[in-house]
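J.: here you go, sequence then predicted model.
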Amino acid sequence: MANPAALFCFREDKTLSNALGIFILTTLFYTFGASLRLVDELSLFWPLNGIMAGIFARHAFLNKPLYYAICYVAMLAYDALTTSWGLASLAINFSNMVFIVTVAMLVLRNDVGRPQFPQALFALRLFGYCLIAALLCALCGAVGSVGIDRRALMPLFADWFSEQFSTGVLLVPWILTMGWPRIQRRLTKEDLWPLLAVVVSLGASVLVGGAGSLTFPLTGLIWCALRYSFATSAFITFCTGVAEIVLVAYGIIDMNAASPLGTNQMFSTRLGIATLAICPLIVGASVTAFNAIMQQVSRRADYDHLTGVHSRSGLYEALNRHTSPPSSLCVLLIDIDYFKSINDSYGHECGDAALAAFGERLQGLVGINGLVARMGGEEFVVIRPGITFNEGLRFAETLRTTLAAQPFCWQEHALHLTVSIGMGFDAAPKETMRETFDMLMREADRFLYASKREGRNRTSYRLHGEAG
């Protein structure tokens, strides 16, 4: 997910620009919702509350009376210019603020400052948050609307509640997770099948009609949740829910069902869509959480937990991804000199800390130009493809001297770690990188032994058949 501050242009230290942004967004989406007042005096679809609730929940630093007041004033200003509601506008827009504040505060207070999204449990809790907020909002809104609407209190309450609840469930999850689109790979035809399934199922809903037809897109939405990112599937679910609401409102999907409670068909439609929407959200959150766990498991297998560099198995996985021979390959086998004495003198806790610091420094020196792996104990390997022999030798010496010049501090002791290096080099490999590495590892191992035998803290290598 992209940085939310960058997405919505809110900054904790920019009070004026934050206030202006809230005022503009409130006015924009209030205008949009007001343009959809097609069902009596209430809007067919009212996105403002769900969007602003998501924004306030996403930015904890916006949850201040000042910013809530600006949001409320923007609503009142719009009504003052476009309606003749008078004092009723105070109650109606207060109900909007009740929904916004309730959702934002529940998310932030019950999820430790910021929602760790997506999680299946949080997606289910969010369903409850929107339910509570919609009930409170409907109570205030229905009472405030009695004076400007021809209907009785209970039908108004049902309309307010169903609209706020369905819109909240459809919008808030998407707002909490949306980011700038990132296409990490080229889309294929298979990527479009889930979206096509949703479109086709909507068409089937129009053809078949009836209350049951609202559930037709569910299979396609779950497919989207399994195939796409959580934010993408949440957006598709939102668009599908809005489309069904509009299709029912215009009679394109014919419900043909009279409610014994005296509420109109939009009440049932909205509640059904809200209930339907939570299913793909929970599936999507579960899939995302599962993928995150699998990535952690994979990382633990591919990376050494102590030093953060590749493990032996992770190194071979990385090498196997290179199926063609490299232009050249340099392998440096590195051993920390007299490491056992550190464990003996200062304990294994000190030894582990020294290895962790050494791995971090070694990775920092190699950077993105090569691969670093811990082969076991205090032995590391560095692989540099595409360099000349002299460049490889200079790099080995740079590693050796730089690592020796940076002491490792343990409690009040400064420990200088020197290394012995064995170098293997192939100027024109004919095999894959994995096969070339195996060959050069044997060579580097021989020269590492030569470095130890000749006094340590040196680099040994082969040049024209001679040891250096």
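T.: Okay, I see it. Numbers count the residues shown, from 1 in each chain.
J.: what kind of secondary structure is Phe425 in?
T.: State at Phe425, reduced to three classes by DSSP: H, G, I helix; E, B strand; the rest coil: strand.
J.: make 604 the starting number, not 1.
T.: That works, and once the first residue is 604, the last one we named lands at Phe1028.
J.: quick check: the gap between it and Glu1038.
T.: Phe1028 is 15 Å from Glu1038, where distance means Cβ to Cβ, to the nearest Å. For every residue, glycine as well, the C-beta is placed using N, CA and C.
J.: more neighbours, those two?
T.: Neighbour count, other Cβ atoms under 10 Å: between Phe1028 and Glu1038, Phe1028 has more, with 23 against 13.
J.: skipping adjacent residues, who's closest to Pro776 in space?
T.: Sequence neighbours aside, Ala837 is the residue nearest to Pro776 in space, at 4.6 Å (criterion: Cβ to Cβ, 6 or more residues apart in numbering).
J.: just the buried positions in stretch 1043-1063, please.
T.: 1043-1044, 1046-1048, 1050-1051, 1053-1055, 1060-1063 (16 or more other Cβ atoms under 10 Å).
J.: where exactly do the helices run in the stretch 604-753 of the chain?
T.: Using DSSP state H, counting those that start in this stretch, the helices assigned to the stretch 604-753 of the chain run over residues 607-611, 618-637, 650-661, 668-685, 691-713, 723-748.
J.: just those: most buried one?
T.: Mean neighbours per residue, mean count of other Cβ atoms under 10 Å, is largest over these for helix 650-661, with a mean of 26.
J.: tell me what angle it forms with helix 668-685.
T.: 170 degrees (axes from the mean of the first three to the mean of the last three Cα atoms, to 10 degrees).
J.: on that earlier part again, dump the helices of the stretch 604-753 of the chain to JSON lines, plus distance to Leu774 and mean pLDDT.
T.: What follows is the helices of the stretch 604-753 of the chain, written out as JSON lines (distance: least, Cβ to Cβ, whole Å; pLDDT from 0 to 100):
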{"stretch": "helix 607-611", "distance to Leu774": "14", "mean pLDDT": "49"}
{"stretch": "helix 618-637", "distance to Leu774": "10", "mean pLDDT": "92"}
{"stretch": "helix 650-661", "distance to Leu774": "3", "mean pLDDT": "92"}
{"stretch": "helix 668-685", "distance to Leu774": "16", "mean pLDDT": "94"}
{"stretch": "helix 691-713", "distance to Leu774": "10", "mean pLDDT": "91"}
{"stretch": "helix 723-748", "distance to Leu774": "9", "mean pLDDT": "84"}
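J.: picking that back up, in terms of helices and strands, where is the residue nearest to Pro776?
T.: Assigned by DSSP states H and E, Ala837 belongs to helix 833-852.
J.: elements contacting that helix?
T.: Counting contacts by 3 or more Cβ pairs under 8 Å, 6 or more residues apart in numbering; DSSP states H and E, helix 833-852 is packed against helix 756-780, helix 792-811, helix 821-830, helix 868-905.
J.: circling back to that earlier point, just put the helices of the stretch 604-753 of the chain in TSV and tack on distance to Ile876.
T.: Formatted as TSV, the helices of the stretch 604-753 of the chain follow (distance: least, Cβ to Cβ, whole Å):
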stretch	distance to Ile876
helix 607-611	26
helix 618-637	17
helix 650-661	13
helix 668-685	25
helix 691-713	17
helix 723-748	13
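J.: now for those, which one comes closest to Val985?
T.: Judged by Cβ to Cβ, the one of those that comes nearest to Val985 is helix 607-611, at 36.1 Å.
J.: was I right to think Ala622 contacts Tyr671?
T.: No: the criterion here is Cβ atoms under 8 Å, and Ala622 misses it with Tyr671 at 11.0 Å.
J.: how about the closest residue to Glu1057 other than its chain neighbours, what does it touch?
T.: Nearest residue to Glu1057, sequence neighbours excluded (Cβ to Cβ, 6+ apart): Ser1063, at 7.2 Å. Neighbouring residues of Ser1063 by Cβ atoms under 8 Å, 6 or more residues apart in numbering: 1024-1026, 1050-1051, 1053-1054, 1057, 1070-1071.
J.: in TSV, list these along with secondary structure and distance to Val975.
T.: Listed next are those as TSV, based on DSSP: H, G, I helix; E, B strand; the rest coil; distance: Cβ to Cβ, whole Å:
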residue	secondary structure	distance to Val975
Ile1024	strand	13
Gly1025	strand	16
Met1026	strand	15
Phe1050	helix	19
Leu1051	helix	16
Ala1053	helix	22
Ser1054	helix	19
Glu1057	coil	25
Ala1070	strand	25
Gly1071	coil	23
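J.: between those, which sits nearest Gly995?
T.: Met1026 (6.5 Å).
J.: Thr840 against Leu824, yeah?
T.: Yes: assessed by Cβ under 8 Å, Thr840 is found in contact with Leu824 at 5.5 Å.
J.: who's more crowded, those two?
T.: Legend: neighbour count by other Cβ under 10 Å for Thr840 and Leu824, higher for Thr840 (30 against 25).
J.: now stretch 801-813: buried residues?
T.: By 16+ other Cβ under 10 Å, the buried positions in stretch 801-813 come out as 801, 804-805, 808, 812.
J.: let me know the closest of those residues to Glu1000.
T.: The closest of the buried residues of stretch 801-813, once distances to Glu1000 are taken by Cβ to Cβ, is Val801, at 60.8 Å.
J.: contact partners for the closest one?
T.: Taking Cβ under 8 Å, 6+ apart, one finds 820, 823-824, 827, 839, 843 in contact with Val801.
J.: how about the contacts of Ser1063 in TSV, adding distance to Val985?
T.: Formatted as TSV, the contacts of Ser1063 follow (distance: Cβ to Cβ, whole Å):
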residue	distance to Val985
Ile1024	9
Gly1025	11
Met1026	10
Phe1050	14
Leu1051	12
Ala1053	18
Ser1054	15
Glu1057	21
Ala1070	20
Gly1071	18
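J.: which one among those sits at the bottom for pLDDT?
T.: Least confident of the contacts of Ser1063 in the model: Ala1070, at 45.
J.: in three-state terms, label Cys933 for me.
T.: Going by three-state DSSP: Cys933 is strand.
J.: what helix or strand is the nearest residue to it once chain neighbours are set aside on?
T.: Distance criterion Cβ to Cβ, 6+ apart; nearest residue to Cys933, sequence neighbours excluded, is Gly995 at 3.5 Å. Assigned by DSSP H and E, Gly995 belongs to helix 992-1008.
J.: after that helix, which helix or strand is next?
T.: Assignment by DSSP H and E places the next element after helix 992-1008 at strand 1011-1013.
J.: quick one: mean pLDDT for that next one?
T.: pLDDT averaged over strand 1011-1013 gives 86.
J.: partner strands of it, with direction?
T.: Here strand 1011-1013 is paired, per DSSP bridges, with strand 1016-1018 (antiparallel).
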